[in-house]
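Enquirer: just a sequence and a predicted model for now, questions to come.
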Amino acid sequence: MGIEPVRSDMAIQEVEDGYLSDSAVHSSIAEILERVSKPPNMVAERDKDLYEQLLVIVNPLTRKKNLDEEILFATALKALSGVVYKISTIYHASLLRNIFSMCIWDYGLDTRTALLELIANLAVVPDKFLEDSLEMLVRNFQPPERMCGYICQTRWRGERKRINGQLHETLCSITHLVPLAPFKLKGILHRMMPTFRTRKALLVTFVECMLGLESNEIGEYLSSTLLSMVVDLLVDLDVNITWEDILKEDHNRSIFDMEVEDLENNAENNSVGSQIVCRKGEGFGDLKYNMTDKLDCVMVIVCEHIKSSACDGRLVKIFETLIESFLKTVLNAHKSKFSQFIFFYACSLDPEICGLKFAILLTDIFVSKTEDPISRMSAIAYVASFLSRARFISSAVVSSIVKRLVEWCYDFCYVQASTERIKNPRGHRLFYAGCQAVMYILCFRMRLLMDIPELKEILFNLPLEAILCHPLDPLRVCLPTIVQEFLRQAMAAHLLKKPFLSCDPNDLLESEFSKAFGGVERLDMFFPFDPYLLKQSDRFMRPNFEFWSMVKKTYSNFNSDDDFDDLDPESADEGSHDGLDDEELVDEDGEDDLGCSMNNMSITPRPVFEMATASGGSIPIPSRMPARIRPSVSPI
């Protein structure tokens, strides 16, 4: 390839047809750099002019008006690549400033290639340009502001992928030649990582490019750093979204009164989000940064990356990093509403390894005596919600963990004085959290456990009745709607021998004991895997998510509200535990308005039959429960 000289002064060698060869241009630029590498007062005016011409050619602010100027620019970049050893930080500061401020998004493929080759060559110059080169590459993970309006359009997807590929290739080549590069890159990524305030287009392209590095060769060095930074970003976006940002303008009627699929049964479009999930410019309190839309887009990118990793056989490896991030960032982020679902999705892709590991880890945290109480409360909330909602977790795993939780609760009861009454529910909140988790899981899973003889036998051998009858009285302290549904299913399945008083379905208010149990954090109301409400990324969660309308109940054949009569009534007598106080429990109605506890599962009662109490009276029991479940979110 040849180029026409801008001025004859630039020519060191000239071919017969009036064009300079590439080698001639290289020689010209090398000589210019050498001539100006001295104190300014010693540089000839002619050499200064030639150097200024070079600065004009490689000026990032100079728009290339035609193909000839683009070719000249690309050739100059190639020439500079061959003479990087002549570039001085002292005498060529203006040239370096121009090079490192260039945006590769402004140029075509050939020019981008020449520019990135120059950056790679500069990076390997010993002790000079490594950090500047890496910063320039990371800066180009996202396009310039002026491109934000269209860079995320479908027609740009291919170009974004090509640019990301070129950036990855350049970073890998630098890493091969400079072992220190990954260490430097790690610090630069931390410093230049976008925040939740960054515009969506810039945020999306940066995360796309960064996660591409994780699956590249450089991911061998930075995998844990890259994934943990993305998880941190997700949580930052998540906690800066309040439920008020998602609720409709009519705050007196929560759109979360019912689960998602119940709301949409009457809708033409049965996909999540068509009626309730945030749309751009609708239903938000503050649209300045459009947090929910950004979070949704980033969740899509992360889920696609996890899926790609699973296809490449790397899921188990990256899951280790995800678990580290979960423990560090997510577990105690009680305001998170959606970001935790990346762990749900990862587990769904490998239930036998990742799903099992996640469930056991959470259970271990809860039963551990060395973990702090807040982490243990969060962990049990995650256990309950995960096992209830994850359709991919086998009944055998659910049975095993329920058994472990029940045994922990039983042991807790055993060390308490048998005559001790409820005095300070918050002082025993780990116990109540464990009891509530067991009841919550069984609300979703009891029928499935009953359908498997081996698991049914394990369930009937658990000391549930002894725990419920203990003077600590978990039925009066745990959330009333969970207690009521559990009792209804347990009595229908003959899991409990004696009748228990249930909460009055017409006045499902929290008692003072129940509120005290939750404490200021109200972690008793925290169910992390409540229905997912982001529109674009919902497709990753929905196929493996258990909605309440899908749940088989022990009092129903799943197609009607008939009582569940196919269980063996005699099996309720098997495996009963003695040794604990079997004193009758009598629940008390709370006095506060139900609206102040919008996080509870709420019921619209429809009494169908009556359950006898120990005193000979009866209490109406509704035929349906948690068809309506409110979202869980801690008020802190």
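Expert: Structure received. The shown structure was predicted, so the numbers you read here are calculated from the model rather than taken from an experiment.
Enquirer: which neighbouring elements make contact with whichever strand or helix holds L405?
Expert: Per DSSP states H and E: L405 is located in helix 395-415. Secondary-structure packing of helix 395-415 (3 or more CB pairs under 8 Å, 6 or more residues apart in numbering; DSSP states H and E): helix 356-367, helix 373-389, helix 429-450, helix 453-460, helix 464-468. For glycine as for every other residue, the C-beta is placed from the backbone atoms N, C-alpha and C.
Enquirer: measure the spatially closest residue to Y410 that is not a sequence neighbour to I90 for me?
Expert: Nearest in space to Y410, with sequence neighbours left out and distances taken as CB to CB, 6 or more residues apart in numbering, is P463 at 4.8 Å. Computed with CB to CB, to the nearest Å, the distance linking P463 and I90 is 80 Å.
Enquirer: flag the shaky bits of the stretch 101-250 of the chain, pLDDT-wise.
Expert: 243-250 (pLDDT under 70).
Enquirer: may I have the secondary structure class of A79?
Expert: When classified by DSSP: H, G, I helix; E, B strand; the rest coil, A79 comes out as helix.
Enquirer: pretty sure A437 contacts I380?
Expert: Yes: in this structure, A437 is within contact of I380 by CB atoms under 8 Å, at 4.8 Å.
Enquirer: domains in this protein, by residue range?
Expert: The domain map for the chain lists 1-128, 134-313, 333-636, with the assignment taken from automatic domain parsing.
Enquirer: those: lowest mean pLDDT?
Expert: Lowest mean pLDDT within the domains of the chain: domain 333-636, at a mean of 73.
Enquirer: thinking again about what came up before, now the common contact residues for A437 and I380.
Expert: Residues touching both A437 and I380 (CB atoms under 8 Å, 6 or more residues apart in numbering) are L405.
Enquirer: coming back round to it: redo the helices and strands packed on helix 395-415 as a markdown table? Include mean neighbour count and distance to R46.
Expert: Formatted as a markdown table, the helices and strands packed on helix 395-415 follow (neighbours: other CB atoms under 10 Å; distance: least, CB to CB, whole Å):
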| stretch | mean neighbour count | distance to R46 |
| --- | --- | --- |
| helix 356-367 | 19 | 71 |
| helix 373-389 | 24 | 72 |
| helix 429-450 | 25 | 82 |
| helix 453-460 | 18 | 91 |
| helix 464-468 | 22 | 94 |
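Enquirer: which stretch among the ones you listed comes nearest Y150?
Expert: helix 373-389 (38.2 Å; CB to CB).
Enquirer: three-state assignment of the residue most central in space within the chain?
Expert: Closest residue to the average C-alpha location of the chain: S339 at 2.8 Å, with CA atoms, centre = their mean. Following three-state DSSP, S339 is assigned to coil.
Enquirer: separation between it and P194?
Expert: 16 Å.
Enquirer: what number of residues lie near E159?
Expert: By the criterion of other CB atoms under 10 Å, E159 has 13 neighbours.
Enquirer: now F545. Its backbone dihedrals?
Expert: Backbone torsions for F545, taken as degrees, to the nearest 10, come to phi -100, psi 130.
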